[in-house]
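**Student:** sequence below, structure please.
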Amino acid sequence: MFIRKTKGYIAIILSFFGLLVGTYSGGRSAVYYGLIFSVYTVFGIIVLFRELIFWRNINKIKAVLYFPLSIVIIICSVGTSLLFTGNRYLMRYAKNDLPQYKFAQRINQVENATMLNYGFLDGGFYFAAGCEPINKFFCKLNIPLEEMDEDQNRCIVEGKVDFVVTRDKKLEDYNLDIENYKMVDTASMIFEGEERTYFLYQHY
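**Tutor:** The predicted model follows:
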């Protein structure tokens, strides 16, 4: 609609396939990898809003077909998203039932509290508690990096953070000096098809 030159179309098509190759050529994939392609929906949104804004210029036959079809497509898109999403099970949880917000109530009792998401990928605990990470490696990433483990371990051994959150494994089970930390709360939930148990430790 807005790109008048053939090379413009080619550029968009090449960018899509370039992104496709760059995203999946490494041999690994996850469900959320596909989210990056949502940027291309902007072209459909432009068309939709253009037709809505300039609907008076649309002939009657096109109007009769276009608008009902748009509504059906939107309804089907929302419906299939709910049907196939792997996160639908999370809708049965109330906000305060989630470990992130349960722990946040305890963390927020300490003024300007600091915390560390230890031993697993970022689980949303920083966001729920409104805490900013104070160290470079604020969670455990899926890469073998010795510097990352040393950074996280140093935070605990030196008592740099007020709270530490672990998952499925207690802090006592790691080979660390944790005499200044005490478990103050636990919580469980189903996450990605598995029951996960989270432990909250506080520095004293």
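**Student:** in the chain, where is pLDDT below threshold?
**Tutor:** 1-2, 51-64 (pLDDT under 70).
**Student:** domains in it, by residue range?
**Tutor:** Following automatic domain parsing, one finds the domains of the chain at 6-90, 92-203.
**Student:** what's the burial count for the residue nearest to Tyr174 when sequence neighbours are not counted?
**Tutor:** Excluding its sequence neighbours, the residue lying closest to Tyr174 (CB to CB, 6 or more residues apart in numbering) is Gly119, at 7.2 Å. Bear in mind the C-beta positions are built from the backbone N, C-alpha and C, glycine included. A total of 18 residues lie near Gly119 under the criterion other CB atoms under 10 Å.
**Student:** would you agree Gly119 is in contact with Lys140?
**Tutor:** Yes: contact criterion CB atoms under 8 Å: Gly119 and Lys140 qualify, at 5.2 Å.
**Student:** anything in contact with each of the two?
**Tutor:** Residues within reach of Gly119 and of Lys140 at once, by CB atoms under 8 Å, 6 or more residues apart in numbering, are Gln152.
**Student:** mind listing the helices for the chain?
**Tutor:** 6-24, 41-53, 60-84, 99-107, 125-129, 146-157 (DSSP state H).
**Student:** same list, the ones you listed, but as TSV with distance to Arg167 and mean neighbour count please.
**Tutor:** Shown next, in TSV, are the helices of the chain (distance: least, CB to CB, whole Å; neighbours: other CB atoms under 10 Å):
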stretch	distance to Arg167	mean neighbour count
helix 6-24	27	11
helix 41-53	34	12
helix 60-84	27	11
helix 99-107	9	20
helix 125-129	10	19
helix 146-157	13	15
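**Student:** so which of the ones you listed comes closest to Asp185?
**Tutor:** Comparing those against Asp185 with CB to CB, the closest turns out to be helix 99-107 (5.6 Å).
**Student:** so what touches that closest one?
**Tutor:** 95-96, 113, 115, 123-125, 127-131, 162-163, 165, 184-185, 187-189, 198, 200, 202.
**Student:** buried ones only from the residues you listed, please, as a ChimeraX command.
**Tutor:** Under the burial definition 16 or more other CB atoms under 10 Å, those of the contacts of helix 99-107 that qualify are selected in ChimeraX by:
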select :113,115,123,125,128,129,131,162,163,165,185,187,189,198,200,202
